[in-house]
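**Q** any chance you could fold what I've pasted below:
(one chain, ligands or ions: 1)
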Amino acid sequence: MSSYVFLGAPGAGKGTMAEMLCARVGQAHISTGDLLRAEMKSGTELGLKAKAYVEKGTLVPDEVVAAMVSAKLGQSDVRSRGFVLDGYPRTVRQAELLDAALKELNLKLDAVILFEVGEELILRRLTSRWLCKACGAIFNVLYLPPKKEGVCDKCAGALYQRADDSLETAKKRLVVYEQETSPLIDLYDKKGLLLRVTGAEEKNANFAVLSRTLGL
Ligand code: ADP
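**A** Purely as a prediction, here's the structure:
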């Protein structure tokens, strides 16, 4: 079974594409963002440590995230199913730690997929999500707007944005991506692993391009 790293700016569509691919092919979907949010929600020690970084839009320390990913990669079904790493590695150091972990577990990457999307679309996507404080319903002012601005259709509760989805934090996440993560593009290109997918606005069209790129 094939294993991939999904690389690209926040909001480039990595998470959605990883979900669709794993549903179709059966790999384990390993999203460090989802894993960190789950730890934060359960209030674990790791979650408490990660919270300040995630809410500011900066990166959680490399060793912390690497340990979390290694534990996932070591699970027995990952070997038979393959995996999609979504949002990891995000720094050169994380790429080194990943290399070492894969060697130790006798696993390998088949390809690194770079999702390329324009900054304007990314910012629009990142800042368009609103949640209801009272019932948790999710709205998207672009794709699923509430009937009345700032008010939940279901329970009339007040809508709010995830702390790291505000325009300011979204911009910060993009700067962090440019500085910390974009050097990985060259690194994986030199290893001959990099494949590029130019992202479209619509997810089914995007998935069609990804499927062709992977020869599915
Ligand atoms: P996005 O890709 O939209 O930024 P994620 O859900 O992947 O969203 O990540 C949310 C936040 O979780 C990041 O801004 C960062 O604080 C933290 N995070 C996720 N993955 C990593 C990682 N590999 N290294 C460090 N921090 C991470």
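
**Q** drop to CA atoms for contacts and neighbour counts, all remaining ones
**A** Will do.

**Q** where along this protein do the strands fall?
**A** Secondary structure of the chain (DSSP state E): strands at 4-8, 28-31, 83-86, 111-116, 129-132, 138-140, 159-160, 194-198.

**Q** for A134, which non-adjacent residue is spatially closest?
**A** Distances taken as CA to CA, 6 or more residues apart in numbering place G157 nearest to A134, at 5.4 Å, with adjacent residues excluded.

**Q** pretty sure the one you found sits against G136.
**A** No: between G157 and G136 there is no contact under CA atoms under 8 Å: 9.3 Å.

**Q** number of nearby residues for K147?
**A** By the criterion of other CA atoms under 10 Å, K147 has 10 neighbours.

**Q** and this structure, which residues reach the ligand?
**A** Neighbours of the ligand within the chain, by CA under 6 Å from any ligand atom: 10-11, 32-34, 53-54, 57-62, 65, 87-90, 173.

**Q** and with 8 Å instead?
**A** 8-12, 14-15, 31-34, 36-37, 50, 53-62, 65-66, 86-91, 94, 126, 164, 170, 173 (CA under 8 Å from any ligand atom).

**Q** which of those residues fall within helices?
**A** 14-15, 32-34, 36-37, 50, 53-56, 62, 65-66, 94, 126, 170, 173 (DSSP state H).

**Q** buried ones among these?
**A** 14-15, 32, 36, 50, 54, 56, 62, 65-66, 94, 126, 170, 173 (16 or more other CA atoms under 10 Å).

**Q** quick one: which two of these are the most distant?
**A** Using CA to CA, the two most remote members of those are A66 and L126, lying 25.3 Å apart.

**Q** wait, L7 touches V112, no?
**A** Yes: with contact defined as CA under 8 Å, L7 reaches V112; the gap is 6.9 Å.

**Q** who has more neighbours, those two?
**A** Ranked by neighbour count (other CA under 10 Å), L7 and V112 place L7 first, with 27 against 23.

**Q** so what's the more buried one up against?
**A** 14, 86-88, 112-115 (CA atoms under 8 Å, 6 or more residues apart in numbering).

**Q** now R37
**A** By CA under 8 Å, 6+ apart, the neighbours of R37 are G47.

**Q** over to the one 4 residues further on?
**A** The neighbours of K41, taking CA under 8 Å, 6+ apart as the test, are G47.

**Q** please report the distance of it from the ligand.
**A** Remark: distance between K41 and the ligand (CA to the nearest ligand atom, to the nearest Å) = 13 Å.

**Q** phi, psi for the spatially most central residue of the chain please.
**A** Nearest to the mean C-alpha position of the chain, counting by CA atoms, centre = their mean, stands G87 at 4.0 Å. Here is the backbone geometry of G87 (degrees, to the nearest 10): phi 90, psi 10.

**Q** for it, which residues are in contact?
**A** Contacts of G87 by CA under 8 Å, 6+ apart are 6-7, 14, 31-33.

**Q** again, 7 Å this time
**A** For G87, the contacting residues are 6-7, 31-33, by CA atoms under 7 Å, 6 or more residues apart in numbering.
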